[in-house]
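**Student:** Generate a structure from the sequence data that follows.
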Amino acid sequence: MSGAVYGGDEVSGLVFDAGSQTFRVGFAGEEYPKGDIPSHIAVQEPVADEIIEKQEAMEEGDNSNVKTKREKNFFIGTTKIIVPRARTTMQSFMKEGLIEDWDLFEKMVEHSYENILYSNPAEHPALFTESAWNDRARREKLTELMFEKFQVPAYYLSKNAVLSCFAQGRTHGLMVDSGATQTSVVPVYDGYAVTHAVVKCAIGGDVITEQLAHMLEHQKIDLVPTYKIGTKEEVNEGDAPKWTAKKNLPEVTESYDKFMKKQVLEDMSATMLQLCDTNIDMDYVEKLPSTPYSFPNGYTKEFAAERIKLPECLFDLSYLKTEGKKEGLMTIAQMAATSANLADIDIRP
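**Tutor:** Now for the predicted structure:
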């Protein structure tokens, strides 16, 4: 570890912000990250161990058969992970906002240094964000990884809720973070996260994509992922799609197929869904203009009231259509109220 003291604006620091959906990296002081890539990594399993002939002559003059084990292949980045490959599963290093698979996380950090930042880790201090419920063992593991593996000169780990508060020019606040797998509410006081008042719930972006999938299934709309499309023809809105399947596709895994279908659902969510600014009024919603969406296979359909109702489940659980139980789930408003009440009365506004 370097004995240098880092401070001020010109520290050439690198920022790493890991989430369940995306992994963001960039240079401190810049407005936008240099890279924003999926947190999932495509892991291709090796073929079965093969028997190969050793070409060099042995002392006895015989060629001996040697069993060799091939290593896994890792594909990282938006354009690389969507390529269909045999024996390839989609894996994430994150679980419930915490780093779970350290080998995959190390691969992601290596990829960031080499292919996004184009930087030598030994020449730049590093700042990592962490969830307010991160534990000591994971902090120590990350610290060990950065100093011993990447040889960073300086390193700091900060709560993402605190950094979000600082980004707004404040040292106090109630930070609501709604991600892919969950939503959390963290009170921040005087630049510190009030960890005993953290409230989190497994409701977020993935819940909305699940609602979209249920809606398409109910309307009998076949969700065909992009990788299966060979050719397609333009058809009128509402007409049956005319497309042909791509030939010579490898046998993909179920996790890859689900990931690619989710990509379509996420695109639908980003381009079509709309959140009502006030309490939802069905009479008003029914009068809103519909929005068309074109699926990868060429099928086009207009969606009206459902594009307003679907995201409303984050604020009203009565709009949540799920096969599981709703017990233990809370709306964002309920989480915010609970978190504020758990904070000490002296620090409440």
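
**Student:** show me where the stretch 151-300 of the chain has strands.
**Tutor:** 155-159, 173-178, 183-189, 192-193, 199-201, 229-233, 242-245, 291-294, 300-303 (DSSP state E, counting those that start in this stretch).

**Student:** brain fart, the stretch 1-150 of the chain
**Tutor:** Under DSSP E, counting those that start in this stretch, the stretch 1-150 of the chain gives strands at 14-18, 22-27, 35-38, 40-44, 50-53, 65-68, 73-75, 88-92, 94-95, 98-99, 126-130.

**Student:** most packed of the ones you listed?
**Tutor:** Among the strands of the stretch 1-150 of the chain, strand 40-44 has the highest mean neighbour count (mean count of other C-beta atoms under 10 Å), at a mean of 22. Using the backbone N, CA and C atoms, a C-beta is placed for each residue, glycine as well.

**Student:** Now tell me what touches it from outside.
**Tutor:** Identification of contacts with strand 40-44 by C-beta atoms under 8 Å, 6 or more residues apart in numbering yields 72-76, 80-81, 83, 85-93, 104, 107-108, 256, 259.

**Student:** quick one, what contacts Arg138?
**Tutor:** Here Arg138 is in contact with 98-99, 130 (criterion: C-beta under 8 Å, 6+ apart).

**Student:** ok, now Asp316?
**Tutor:** 280, 331.

**Student:** do the same with Val194
**Tutor:** Counting by C-beta under 8 Å, 6+ apart, Val194 has contacts 186-188, 343-344, 347.

**Student:** where does the chain have low pLDDT?
**Tutor:** Residues of the chain that meet the criterion pLDDT under 70 lie in 1-11, 48-69, 323-325.

**Student:** now the angle between strand 88-92 and whichever helix in the chain runs longest, please.
**Tutor:** As assigned by DSSP state H, the longest helix anywhere in the chain is helix 254-272. Calculated by axes from the mean of the first three to the mean of the last three C-alpha atoms, to 10 degrees, helix 254-272 forms an angle of 60 degrees with strand 88-92.

**Student:** quick check: angle from helix 254-272 to strand 40-44?
**Tutor:** 150 degrees.

**Student:** And helix 254-272, what's buried?
**Tutor:** 256, 259-266, 268-269, 272 (16 or more other C-beta atoms under 10 Å).

**Student:** quick check, nearest of those residues to Glu148?
**Tutor:** Among the buried residues of helix 254-272, Phe259 lies closest to Glu148 (C-beta to C-beta), at 32.7 Å.

**Student:** So Pro241 versus Gly77, what's the distance?
**Tutor:** 30 Å (C-beta to C-beta, to the nearest Å).

**Student:** Show me how this structure divides into domains.
**Tutor:** 14-46+63-169, 205-319 (automatic domain parsing).

**Student:** give me the number of residues near Ala340?
**Tutor:** 16 (other C-beta atoms under 10 Å).

**Student:** Hmm, it is touching Ile347, no?
**Tutor:** No - using C-beta atoms under 8 Å as the test, Ala340 is too far from Ile347 to be in contact (9.9 Å).

**Student:** residues shared between the contacts of these two?
**Tutor:** In contact with both Ala340 and Ile347: Pro187, using C-beta under 8 Å, 6+ apart.

**Student:** ok, and the closest non-adjacent residue to Thr231?
**Tutor:** What sits nearest to Thr231 in space, not counting adjacent residues and going by C-beta to C-beta, 6 or more residues apart in numbering, is Thr244, at 4.9 Å.

**Student:** That neighbour: what's it in contact with?
**Tutor:** 230-232.

**Student:** re the thing from before, neighbour-wise, which of Pro241 and Gly77 wins?
**Tutor:** Pro241 (19 against 16).

**Student:** got the contact list for that one?
**Tutor:** Pro241 neighbours (C-beta under 8 Å, 6+ apart): 232, 235, 295, 297-299.

**Student:** Could you check what's spatially nearest to Trp243, not counting adjacent residues?
**Tutor:** Lys232 (3.9 Å).

**Student:** And for that neighbour, the neighbour number?
**Tutor:** 16.

**Student:** was I right about it contacting Ala245?
**Tutor:** No - taking C-beta under 8 Å as the definition, Lys232 is not a contact partner of Ala245, at 10.5 Å.
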